[in-house]
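> Dropping a prediction and its sequence here:
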Amino acid sequence: MVLALAYVLLLAGAGLSSAARISPLLKQKADELSASRITAEPIISFLVQLNPPAVPVAHRLTRRELLTEAEHAAHGEELHRLLRRDAQILGAPVRNALASTETRSKVKFVKQYEISNTFVVDAPYSVVEQLAKLPEVESITPNFDFKVNLPKPEITTAKERRQTTTFQWNIQNVNATAAYNRGFTGGGLRYANADSGVQWDHPFLKSIYAGTQPNGAVNHNYAWFDGVRRNIDGGTSSRCPFAGTTPCDDNGHGTHTMSSAVGLQGVGVAFGARWMACRNMNAGNGRPEYYLNCLNWILAPTDVNGNNANATLRPHAVGNSYGCPSEELCNASTFDTALANLNTAGVFMSVSAGNSGPSCSTITDPPANEGNTIVVAALTQANALASYSSRGPVTGKSKGVDLAAPGSSVRGAYPNNSTMSLSGTSMASPHVGGAAILIAQACPKLQRDVTKIKTLLFNTAKPLFATNGCGGDTSTTRPNNSFGYGLINIGAAIASCTAA
């Protein structure tokens, strides 16, 4: 079966011209470096995306009921095994080309990602041209860094800074307290984020960190991974080391978003869950390689050194609060494939709509413009759409937003054991990821069923309507391009699934 798939891949790429597969940004970068350096062949970092298999991996999995933890574990392990086998066989032409006498001395770095069947390569532009001739190659795009637009801390009052055990307004607005009243807080489940890192020993987070053992000892393996593994081109320095083996947050954004999903002391939705994290930004800069490192780890977590992958330890839900500035930098095929495989693995993923509002059609960046994510808009405390929240429609999608959640002046954990209020769709996304955790605990039959949890959240959301006309929306359109199906209602979702 796999050999046949490889042959189909060969035929699928045979009619494409090699030049059409190469992003023009790579040639531009190579020319710029050649003009400024003595060497005639400067090294550039790029992604090589293979054509997809004719039969998606989801169609080759053993059919299971997926009602028990053992079945969930077996499903995740089989998926990971199939993806690794596909990568090994279908990626052979690229590996052979990179190891050839003509190119091997030029290649400085190679890594393959099974989650998307993508290679990251550091080599001269001449190697780009060689690889583009392979019919198995779909595209070659940059692995350049870019600035991520992260929210800035807000000035808060002494009352807001004071720690409290009461539930914050945002937790109440999503009706999470109805779940708590029934004993559901996320216990026994795992939540992850891929962000700027996390202060793991923050008082709101330490005791529920997946690396914190019952006896108080700490083991970061399978609970933390630093996706910023190397200094590729002498980029921006950070307070966090490369490939760090202890959780670190050089910005504060990741600590805050994690606390909104699972934090203690009234700031987190699913405060009974255990959390794990991957750093995919370096001093506020993102890069496709960092993102892929984390997505690959979420599919099958490893120890802190990236070894001994164990898909049974993958999280149940993930909140992503970042974007990539253009399709050229974050290849649509690469990230849509990765997200589709996470869906198949039963990992629920919510993502931020972006902060480019109030105009229509401002959801432009991956992963929010991909088809395999739940896109979340930001609301104020009064449940009005935040002015900065990006709106749809998105080309190729029926709408731009799926759900809405609190995002303005949300208080949460911040480095140095502090708290801070932040505003952005980054703050909204973790509420939906946390909601998925509570639903999965309340209704175990829905665990690892991304489609059913998503549908439940859609059907039970509080309708919110827009008058901006985005995508032809009227005052009664639902879902619409501003709020999607509306504000998540965790209590209603759990009442619905437990009654079924």
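Okay, I see it. Numbers count the residues shown, from 1 in each chain.
> tell me the centre residue of this structure?
Nearest residue to the geometric centre of the chain (Cα atoms, centre = their mean): N320, 4.4 Å.
> Tell me if I'm right that that residue and N193 touch.
Yes - the pair N320 / N193 is scored as a contact, 7.1 Å apart, by Cβ atoms under 8 Å. All C-beta spots, glycine's among them, are computed from the backbone N, C-alpha and C.
> which residues sit in contact with the residue nearest to the centre of the chain?
Residues in contact with N320 (Cβ atoms under 8 Å, 6 or more residues apart in numbering) are N193, A194, D195, M349, S350, V351, S352, P367, T373, S429.
> Then N251?
By Cβ under 8 Å, 6+ apart, N251 lies in contact with L150, S196, G197, M281, A283, G284.
> hmm, back to that, which strand residues bridge the residue nearest to the centre of the chain?
Taking DSSP bridges, one finds A194, V351 as the beta-bridge partners of N320.
> Now do it, the pLDDT please.
Turning to N320, the model gives it a pLDDT of 85.
> so how far is S259 from it?
Relative to S259, N320 is positioned 16 Å away (Cβ to Cβ, to the nearest Å).
> Kindly report the same for L422.
When L422 is compared with S259 (using Cβ to Cβ), they lie 10 Å apart.
> next one: G484
On the measure of Cβ to Cβ, G484 and S259 end up 24 Å apart.
> which of those two has more neighbours?
Each of G484 and S259 has its neighbours counted (other Cβ atoms under 10 Å); S259 has more, 29 against 26.
> so what's the closest residue to the more buried one other than its chain neighbours up against?
Residue nearest to S259 in three dimensions, not counting chain neighbours: A413, with 3.7 Å by Cβ to Cβ, 6 or more residues apart in numbering. By Cβ under 8 Å, 6+ apart, the residues touching A413 are Q199, H202, P203, F204, L205, T255, H256, M258, S259, G263, V267, T419.
> Out of those residues, the closest to W275 would be?
M258 (5.9 Å; Cβ to Cβ).
> Centre of the chain to the one helix or strand the closest one maps to, how far?
Using DSSP states H and E, M258 sits within helix 253-262. Remark: helix 253-262 is offset 14 Å from the chain centroid, using Cα atoms, centre = their mean, to the nearest Å.
> Kindly spell out which helices and strands sit in contact with it.
If contacts are counted by 3 or more Cβ pairs under 8 Å, 6 or more residues apart in numbering; DSSP states H and E, helix 253-262 sits against strand 190-195, strand 274-279, strand 410-414, strand 418-422, helix 425-442.
> mean confidence for it?
Mean predicted confidence for helix 253-262 is 98.
> Just the buried residues of it, please?
Using 16 or more other Cβ atoms under 10 Å as the test for burial, helix 253-262 gives H253, G254, T255, H256, T257, M258, S259, S260, A261, V262.
> can I get the CA coordinates of that helix in PDB?
Output of helix 253-262 as PDB, limited to C-alpha atoms (Å, rounded to 0.1, in the frame of the first residue of the first chain):
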ATOM      1  CA  HIS A 253       2.300  35.900  26.500                       C
ATOM      2  CA  GLY A 254       2.500  32.100  26.900                       C
ATOM      3  CA  THR A 255       2.200  32.200  30.600                       C
ATOM      4  CA  HIS A 256      -0.900  34.300  30.400                       C
ATOM      5  CA  THR A 257      -2.600  32.300  27.700                       C
ATOM      6  CA  MET A 258      -1.900  29.100  29.600                       C
ATOM      7  CA  SER A 259      -3.500  30.500  32.700                       C
ATOM      8  CA  SER A 260      -6.600  31.500  30.900                       C
ATOM      9  CA  ALA A 261      -7.100  27.900  29.900                       C
ATOM     10  CA  VAL A 262      -6.200  26.000  33.100                       C
END
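> Measure how it sits relative to strand 274-279, angle-wise.
160 degrees (axes from the mean of the first three to the mean of the last three Cα atoms, to 10 degrees).
> which stretches of the stretch 201-350 of the chain have low pLDDT?
235-237, 326-328 (pLDDT under 70).
> residue ranges of the strands in it, please?
Applying DSSP state E, counting those that start in this stretch to the stretch 201-350 of the chain gives strands spanning 224-226, 274-279, 285-286, 317-320, 348-352.
> Mind putting the ones you listed into JSON lines with distance to S238?
Output for those, formatted as JSON lines (distance: least, Cβ to Cβ, whole Å):
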{"stretch": "strand 224-226", "distance to S238": "11"}
{"stretch": "strand 274-279", "distance to S238": "9"}
{"stretch": "strand 285-286", "distance to S238": "9"}
{"stretch": "strand 317-320", "distance to S238": "20"}
{"stretch": "strand 348-352", "distance to S238": "22"}
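> if we can go back for a sec, shared neighbours, L422 and S259?
Common neighbours of L422 and S259 (criterion: Cβ under 8 Å, 6+ apart): G412.
> TSV please, covering the buried residues of helix 253-262 and showing distance to S389.
What follows is the buried residues of helix 253-262, written out as TSV (distance: Cβ to Cβ, whole Å):
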residue	distance to S389
H253	17
G254	21
T255	22
H256	18
T257	16
M258	21
S259	21
S260	16
A261	19
V262	23
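> coming back round to it: and the contacts of A413 as JSON lines, adding distance to A499?
Below are the contacts of A413 laid out as JSON lines (distance: Cβ to Cβ, whole Å):
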{"residue": "Q199", "distance to A499": "40"}
{"residue": "H202", "distance to A499": "37"}
{"residue": "P203", "distance to A499": "37"}
{"residue": "F204", "distance to A499": "33"}
{"residue": "L205", "distance to A499": "34"}
{"residue": "T255", "distance to A499": "37"}
{"residue": "H256", "distance to A499": "35"}
{"residue": "M258", "distance to A499": "32"}
{"residue": "S259", "distance to A499": "31"}
{"residue": "G263", "distance to A499": "30"}
{"residue": "V267", "distance to A499": "30"}
{"residue": "T419", "distance to A499": "37"}
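> which one of these sits closest to K111?
M258 (26.6 Å).
> Who does S421 form a beta bridge with?
Beta-bridge partners of S421, as defined by DSSP bridges: R411.
> Can I take it that A404 is in a strand?
Yes - assignment of A404 by DSSP: H, G, I helix; E, B strand; the rest coil places it within a strand.
> Just give the number of residues close to it.
For A404, using other Cβ under 10 Å, the count is 31.
> before we move on, what about L150?
Counted with other Cβ under 10 Å, L150 comes out at 21.
> and it, that's in a helix?
No - L150 is assigned coil when assessed by three-state DSSP, not a helix.
> Distance check, it against C278.
Relative to C278, L150 is positioned 16 Å away (criterion: Cβ to Cβ).
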